[in-house]
Structure formats: C-alpha cells, structure tokens
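Enquirer: Need a 3D model of the sequence below.
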Amino acid sequence: MIAARVALAAALAAASAAAPVSPLHAQPSDASDVAAPLRPAVTAYRQGDTATAERALRSLNAPSADADAWLGAVLIDRGARAEGLRLIQRAADAGSSEGEHRLALIYANGEAGIPRDEARAAQLFEKAAEKGNRRAQLNIGTMYYRGQGVPRDLIQARAWLEKAAADGNVHAIYALGRAMAESAPPASADPARAADLFRQAAERGHMFAA
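Expert: Numbers count the residues shown, from 1 in each chain. The predicted model follows:
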C-alpha cells in the first residue's frame, strides 16, 4: 500500500511538471457565471462576436458597474483601449468584482497600454475573489500556486481553488488537483485527492487531465 502511494505521488508530480496550470483567462464557455441581463452580451463576447456584444451592452435598460466592466473588455478587444480602460477602472472604483477582475487581468498580462504588474494584479484578483467572483478565485489561487505577484503558498492556493471549483469549473478542478499533488511545507501532498480531482477534470474534458 505504501509503495503504491509513493508510485502514485511520483506519477502525479511528473504530470504536474509536464502540464501547465489553467491560464489567467479561464472562463466558462457559456455565460452562466454572470447576471441574467448580461448573458446575451457575454455569450457573444466569448464567442468572438464583439460587435454584437457591444450593441447588447450599450442597449441595456439598467446599466451597471458590471456592465461597464464587460463593455470595457469588449472595447479594448475592438481597439478602443482608452475608453475600455476608463470603463473598467470606473467599474472597479465602484466596487464591482467584475471590474476588479478585469482590471487585474490587464495588470497580469500587461494589456491596454498598462505595464505588467503581477503584485497589483494579485491584489485586485484577491479583492474580487473575496466578493465571490469565481474567475477571480481561480486566478488568485493560480497566482498563489505559481508564486506570481505573491509569495508561493499552497495552503492559500488550495483554499481559493476549492472555492473556484465549487461550481464545477473544470479549470479550477484541474488546478486544485495540481495544488493537491504537490508538497511545500507546511502543506503536504494528498495524492489520493489529487488523483480524484484529475479524474473529475478528465471526465469534464480537460485536455491535460486525461
């Protein structure tokens, strides 16, 4: 039994080294993670139809800070970086978790003319994550796992990734499996839990978990 556990842990460590963690853009393919009025626009945006997304967001009867954040993202993709960034910043300043998450992505990736700043990105991801934004929870968990913008901390990574995986997000499930497969004191590896998470991710179609 002990030998089997050791072999499993070694296999998981090898898989962990070979495959990337979820990117800092991971999101559902549908729009189930946003408020109902935003879903048509967000669905169009995620399908690459930014023109339809912009029209839908501009025609909302009740604009919101979250809508500003999504419209900002759309406008940046359509080349209107200044207006897009202004809307995202306004949404973040209003306390929108979507605005904070979108602004964090800009800092994390160095987009829209903003220099890359992983520490600022981590602050914003965590702020949005504390408000329940699942994508922000996945991203701050990933940053703690990688040690990007924050000191590497498997305990924090696992805590955030557990929250992100609660709704069945395949990227979060896989990333949590990666975090459970590794050991970094005071966090110990849990090969059995990692294997179960990789199985769940594979069943949901994650290409690196199969």
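
Enquirer: Would you tell me what the next helix or strand after the least confident helix or strand in the chain by mean pLDDT is?
Expert: Lowest by mean pLDDT, DSSP states H and E among the helices and strands of the chain is helix 2-18, with a mean of 43. Counting by DSSP states H and E, the next helix or strand C-terminal to helix 2-18 is helix 39-46.

Enquirer: send the alpha carbons of that next one over as CSV?
Expert: Extracted in CSV, the C-alpha atoms of helix 39-46 (Å, rounded to 0.1, in the frame of the first residue of the first chain):
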residue,chain,number,x,y,z
ARG,A,39,-25.7,36.8,-20.6
PRO,A,40,-26.5,37.6,-24.2
ALA,A,41,-23.7,40.1,-24.4
VAL,A,42,-21.2,37.9,-22.6
THR,A,43,-22.1,34.9,-24.6
ALA,A,44,-21.5,36.9,-27.8
TYR,A,45,-18.2,38.2,-26.4
ARG,A,46,-16.9,34.8,-25.5
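
Enquirer: Could you list the domains of the chain?
Expert: 24-133, 153-210 (automatic domain parsing).

Enquirer: where does this protein have low pLDDT?
Expert: Within the chain, the ranges that satisfy pLDDT under 70 run 1-30, 209-210.

Enquirer: mind listing the helices for it?
Expert: Along the chain, counting by DSSP state H, helices occupy 2-18, 39-46, 50-58, 65-77, 81-93, 97-109, 118-130, 134-146, 154-165, 170-181, 191-203.

Enquirer: can you pull the buried residues of the fifth one?
Expert: This means helix 81-93. Buried residues in helix 81-93, counted by 16 or more other Cβ atoms under 10 Å: 81, 84-85, 87-89, 91-92. Any C-beta I mention is one placed from the backbone N, CA and C, and that applies to glycine too.

Enquirer: before we move on, what about the second one?
Expert: By neighbour count on 16+ other Cβ under 10 Å, the buried set for helix 39-46 is 40-45.

Enquirer: Could you do stretch 149-168 as well?
Expert: For stretch 149-168, by 16+ other Cβ under 10 Å, it's 149-150, 153-154, 156-161, 163-165.

Enquirer: And the helices of the chain: which comes nearest residue 33?
Expert: helix 134-146 (5.9 Å; Cβ to Cβ).

Enquirer: What is the closest one packed up against?
Expert: helix 97-109, helix 118-130, helix 154-165, helix 170-181 (3 or more Cβ pairs under 8 Å, 6 or more residues apart in numbering; DSSP states H and E).

Enquirer: now that helix against helix 170-181, angle please.
Expert: 30 degrees (axes from the mean of the first three to the mean of the last three Cα atoms, to 10 degrees).

Enquirer: List the buried residues of helix 134-146.
Expert: 134-145.

Enquirer: Report the separation between the residue nearest to residue 34 when sequence neighbours are not counted and residue 121.
Expert: Counting by Cβ to Cβ, 6 or more residues apart in numbering, the nearest residue to residue 34 once its immediate chain neighbours are dropped is residue 42, at 5.0 Å. Distance of residue 42 to residue 121, computed by Cβ to Cβ, to the nearest Å: 22 Å.
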